[in-house]
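1. sequence unknown, structure follows:
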């Protein structure tokens, strides 16, 4: 599940503690056709360590809120509090009816969507995610 590199690929950090969900996300990305590099971190604690130690920022963070040990809201709060990471767009997986949906928006999530429950729903989500990340890629190239 590590780095599928291509020139001008979209770099994505995915924080997900369910290996099956991480695998499904990667399959949906691959089917979407956008070149990407994917780094998967298996829990919120690893994400907090990565935020503090990484010298290279991804174009996009995809974050599951329901993580063991350190929850996704804590990770989102850390991302948006860190000056280097603040501008990196964050897609949060959360149901619209979940109270954490509003909390995630308040903390600065750029996109809040539920994880698709069937394969046919993934293409629309992947399109939204890649557009979000592509804006960041273009911004960095220009600036």
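-> Everything's here; your move. Small disclaimer: the values here were computed from a predicted structure and weren't measured.
2. list the buried residues in stretch 99-118.
-> For stretch 99-118, the neighbour count (16 or more other CB atoms under 10 Å) marks 100, 101, 103, 104, 107, 109, 110, 111, 112, 113, 115, 116 as buried. The C-beta positions use only the backbone N, C-alpha and C, and glycine is treated the same way.
3. same question, stretch 73-80
-> Under the neighbour-count criterion of 16+ other CB under 10 Å, stretch 73-80 has 73, 74, 75, 76, 78, 79, 80 buried.
4. what about it, average pLDDT?
-> Averaged over stretch 73-80, pLDDT sits at 97.
5. next, check the buried residues of stretch 99-118 against the helices and list the overlap.
-> If you go by DSSP state H, the buried residues of stretch 99-118 have 100, 101, 103, 104, 107 in helices.
6. how about these in TSV, adding distance to residue 54?
-> Listed next are these as TSV, based on distance: CB to CB, whole Å:
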residue	distance to residue 54
100	25
101	27
103	25
104	22
107	20
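7. and the residues you listed, which two are furthest apart?
-> The most widely separated members of those are 101 and 107, with 11.1 Å between them, by CB to CB.
8. format the ones in helices among the buried residues of stretch 99-118 as a markdown table; extra columns: distance to residue 132 and pLDDT.
-> As requested, those are exported to a markdown table (distance: CB to CB, whole Å; pLDDT from 0 to 100):
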| residue | distance to residue 132 | pLDDT |
| --- | --- | --- |
| 100 | 19 | 94 |
| 101 | 17 | 94 |
| 103 | 20 | 96 |
| 104 | 14 | 97 |
| 107 | 16 | 96 |
